[in-house]
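[1] here you go, sequence then predicted model.
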Amino acid sequence: MGRDAQMSEITAGDTKLCKTTFNVLGICCPSEVSLIERLLQPLSGVERISVNVPSKTVTVLHDPSLIQPAQIVRALNQARLDASVRVVGQLKSGRKWPSPYTLASGVCLIIALFHYLYHPLRWVALGAIAVGILPIMQRSFLAIRNFMLDINVLMLIAVVGTIGLGDYLEGGTIVFLFTLAEWLESRSSDKARAEISSVMNLASQTAVIEESGEKISVKDVAINTVLSVKAGEVIPLDGIVVSGSSSVDESSLTGESLPVQKEVEANVWAGTMNLTGYLSVKTVALAEESTMARMAKLVEEAQSQRSSTEEFVQKFAKYYTPVIVLAAIAMTLAPLIDRSLGFRKWVYKALVVLVTACPCALVISTPVATACGLAHAAKTGLLIKGGRYLEALGKLKAIAFDKTGTLTEGIFRVVDVKFVESETIDEEKWLSWIASLESRSSHPMSVAIVSYCRQKGLEPSAEVKDFDILEGEGICGVVDNHKVYIGNVRLSNRLGWTEYVPDTWDIRGATVGYFGTEEKFVGAFSVADSSRPEAAEALDNLKKLGIQLAMLTGDTAASAAVIETQVGQIQVYSQLLPQDKVRIIGDLKQVGKTAMIGDGINDAPALAAADIGIAMGVAGSAVAMETSDIALMSNDIRKIAGAVKIGRRTLRKIYINVAISIATKLVIFALTAVGLVHLWMAVLTDVGTGMLVTFNSMLLLKGTKRYGHVVCNGQDCDDGGHWHKDNDGDGYHHHVHGAGNRHQAGRNIEPTSNCSHAVQEADTCGVVKCSACNFPSSIHHGCAKPRTNRCCQNSYPPQVDLCASGNCRSGKRQLGSSQINDSRFEQRCNSSSNCCKSDKVGNSQISDSRFEQRCSSSRNCCNSSKHTSQSQSQSNDYEAHEIVVEVGCQEHD
């Protein structure tokens with residue numbers, strides 16, 4: 001067993017248990033779940049078994065001193081389940097071609113079809129049955145031995161029945177079609193698993209030690225190791241930048257398409273990609289404890305959590321198969337009771353009904369759609385903990401927002417500090433006491449107050465005794481032998497301070513904190529917080545979805561009203577205690593499914609009371625990621641509307657899948673009643689329905705990419721572009737969307753949009769032509785269809801091929817454009833001729849003379865020719881490379 005096998009240790013009392021994940025490709029439908037449990041539960045040392053049907057994996061918690069993973073694999077393979085220990089970063093697939101049994105059966109069947117020309121050839125159909133039925137018989141006997149009635153047993157009975165009726169050709173057809181359809185279903189399932197598991201395989205499996213240059217497995221990297229991460233490489237582990245600066249694409253983790261600039265002391269996460277510069281990263285977590293690893297683990301666990309719809313379907317299927325089997329037996333016995341009925345005809349009908357007794361398509365209709373929905377959500381920076389929460393999102397009717405840090409940025413600034421007796425009070429001493437208490441608090445407002453005091457040269461005191469949080473009121477503690485209270489108006493009223501607040505103080509519309517001692521009111525401070533820039537758009541999107549919105553805050557009504565004016569109309573509840581928030585959540589639940597969005601700590605009671613608790617900005621926060629029902633990896637609350645859409649789409653797919661599965665069964669039953677169905681048609685319909693619901697579910701993944709993506713889902717795009725991994729896995733390429741354009745599933749929406757995806761790339765450092773515009777480009781962005789007075793448009797014109805260490809890479813480095821405030825690329829425009837000149841590209845210090853530009857006065861379009869330049873860098877890391885500058889042209893009518 002390889003050292004990268006997916007295993008983890010768990011301590012239970014004095015015993016160390018091991019959790020091992022296995023690939024089990026023999027899982028074709030949930031009927032195998034009970035078979036696997038019956039095989040493994042009797043084994044000594046096996047504590048718990050979890051089967052994930054969509055991903056075809058089995059996770060076993062076991063005692064390694066009593067049973068090893070190899071023994072578990074052996075037990076599973078005795079049942080011909082094609083099991084192996086799962087290796088991190090590898091996806092094991094089934095056969096690329098049908099089995100020899102299937103191919104041999106098909107050849108025999110083709111020969112048997114010529115029995116119309118030469119009658120003895122009908123006996124070759126028995127050969128088609130004999131060579132193809134062997135794997136079916138093996139699985140059937142195993143199921144019978146474990147007192148199970150699965151699809152293999154039903155097919156075996158059907159084949160034996162056709163032989164008994166003397167219809168050898170139909171028996172051979174059933175065997176061939178069933179084994180072929182099983183292979184086709186496994187291929188479609190492999191494709192679905194590949195899409196689903198892509199979210200778990202983004203992190204690099206190797207890392208480069210900076211000091212030695214050695215490349216090792218991430219499993220062997222210890223904490224505080226300094227790693228080397230070059231431009232275009234994936235950051236292998238969570239860490240802190242110790243030297244260098246670069247833009248990092250964090251879309252694989254947060255779903256945000258815009259790169260984030262990283263400087264020294266900045267946090268970086270495993271699975272994100274370094275775009276432009278060199279970074280030295282000191283690791284802060286092991287591979288299995290990285291943010292990406294925790295996210296992948298939670299997504300995988302979420303897929304095994306059953307939703308309410310899935311549980312209902314499972315209960316239905318539990319009774320469906322026995323009832324249909326009994327009906328088939330009754331149909332077989334009917335001619336014996338009523339001799340007027342044709343024996344052959346009714347036995348044949350019974351066999352058709354028996355074939356349709358397996359509810360495989362019905363049972364997988366929900367978990368496959370759920371798994372695809374969860375994977376789609378994870379790729380957009382939404383971590384949903386299971387199918388029940390995904391379905392709840394689809395039924396969501398109301399959302400309650402916490403104000404501070406959710407609708408607002410949570411970044412406070414001190415507006416004013418006032419003292420009632422400024423002439424007699426030592427203001428510096430009191431500010432120092434306030435800073436000392438606030439430094440012990442976790443409220444976002446505390447940071448602003450401590451920072452304000454430090455700007456005045458006052459440091460918090462380390463000596464704070466009896467610090468206490470007054471629920472719903474504030475904080476208190478002893479500083480320099482004085483018990484100091486700081487809190488809101490509720491605390492002020494309780495201590496009798498309110499009557500001493502001067503009427504001349506203008507503190508309306510801000511968050512106010514009062515401070516003093518139990519006997520004396522001393523003063524008040526006001527802090528201000530602004531709404532998130534995207535909050536108004538986020539709420540507007542939710543309103544369009546018909547969601548009822550509410551804002552819950554412990555702050556004053558005046559402060560809440562200010563935020564309401566910034567974000568738009570929303571139902572406001574102010575001056576709330578934690579128990580008040582729980583009560584309001586209960587009221588909102590009368591409307592329907594309700595979600596609560598907060599910080600995951602201060603709003604814990606309300607989050608728990610809601611049908612869905614959503615924590616935001618949890619990238620790197622293990623506690624919030626583990627405790628919330630849904631976690632937003634970034635702070636962009638516009639993703640909430642996207643989450644609701646994903647939930648509704650998934651729910652729609654589930655309903656469609658269930659309807660298709662039931663409808664096909666009903667159609668077969670109806671046609672059987674009138675004698676219009678053949679056995680082979682029933683087999684093909686049964687297995688084909690399973691493939692249909694799988695492909696239908698996979699439509700949920702449409703529009704997501706394996707790396708660095710933006711998913712617009714029909715909404716307006718306005719971003720700086722995004723990166724995708726090349727098909728050969730060697731490099732990355734970049735896509736750009738124009739402001740206000742609509743981009744759906746990677747398609748260019750013409751003619752109203754220039755949200756472009758027409759990208760071609762060179763597999764060497766050469767220049768290729770953009771087919772739409774016939775325009776030379778290393779990587780051409782914004783390739784629009786030529787039309788009158790319109791030229792090729794580029795959002796990010798200059799691109800440079802990176803040739804690291806003499807090895808030509810297809811990945812390109814974006815150097816900026818006139819749309820970015822970047823000193824690396826400056827453009828001057830000569831308004832008289834509408835021609836642009838380039839001063840500097842990258843760090844190569846290339847002079848203007850290197851760029852020969854021609855201006856077409858008829859179209860006001862600037863074109864540029866390519867020139868080869870030599871980098872001025874003293875290092876040999878970069879060889880000579882071609883630089884192509886393309887100047888974006890404006891549309892002139």
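    In hand now; what should we look at?

[2] check which helix or strand the spatially most central residue of the chain maps to.
    Nearest residue to the geometric centre of the chain (CA atoms, centre = their mean): Ala378, 0.9 Å. Secondary structure from DSSP states H and E places Ala378 in helix 360-379.

[3] now that helix: mean pLDDT?
    Rounded to a whole number, the mean pLDDT of helix 360-379 is 87.

[4] same deal with stretch 277-286?
    Mean per-residue pLDDT for stretch 277-286: 92.

[5] ok, residues contacting it?
    Applying CB atoms under 8 Å, 6 or more residues apart in numbering, the external contacts of stretch 277-286 come out as 210, 221-231, 235, 237-247, 262, 268, 270, 291. Using the backbone N, CA and C atoms, a C-beta is placed for each residue, glycine as well.

[6] what's the answer for stretch 493-509, then?
    When contacts are defined by CB under 8 Å, 6+ apart, stretch 493-509 is touched by residues 416, 418, 420, 473, 485, 489, 491-492, 514, 516, 518, 521, 524, 526, 558-559, 561-562.

[7] try it again with 7 Å
    Contacting residues not belonging to stretch 493-509 are listed as 418, 420, 473, 485, 492, 514, 516, 518, 521, 524, 526, 558-559, 562 [CB atoms under 7 Å, 6 or more residues apart in numbering].

[8] for those, work out which two are farthest apart.
    In terms of CB to CB, the contacts of stretch 493-509 reach their longest pairwise distance at Glu518 and Val562, which sit 31.4 Å apart.

[9] longest helix in this structure, please.
    When every helix of the chain is counted residue by residue (DSSP state H), the longest turns out to be helix 639-673.

[10] what's the neighbour count on the nearest residue to Pro54 once chain neighbours are set aside?
    Closest residue to Pro54 in three dimensions, ignoring its sequence neighbours and counting by CB to CB, 6 or more residues apart in numbering: Ala371, at 3.8 Å. As a burial measure, the neighbour count of Ala371 was computed by other CB atoms under 10 Å and equals 32.

[11] distance check, Ala371 against Arg48.
    Here the distance between Ala371 and Arg48 works out to 21 Å (CB to CB, to the nearest Å).

[12] burial check on Ser93, number of neighbours?
    For Ser93, the neighbour count with other CB under 10 Å is 15.

[13] any idea of the pLDDT on the nearest residue to it once chain neighbours are set aside?
    Closest residue to Ser93 in three dimensions, ignoring its sequence neighbours and counting by CB to CB, 6+ apart: Asp190, at 4.5 Å. Asp190 carries a pLDDT score of 77 in this model.

[14] so Ala130 is in which element?
    helix 124-132.

[15] what's the mean pLDDT across the helix or strand that comes right after that helix?
    Counting by DSSP H and E, the element after helix 124-132 in chain order, helix or strand, is helix 134-145. When pLDDT is averaged along helix 134-145, the result is 87.

[16] ok, stretch 489-503 next?
    Along stretch 489-503, the predicted confidence averages to a pLDDT of 87.

[17] stretch 331-348 now?
    Rounded mean pLDDT across stretch 331-348 is 88.

[18] which other residues reach stretch 416-427?
    Judged by CB under 7 Å, 6+ apart, the contacts made with stretch 416-427 from elsewhere in the structure are 500, 502, 505, 521-526.

[19] I'm done for today, thanks for sticking with me.
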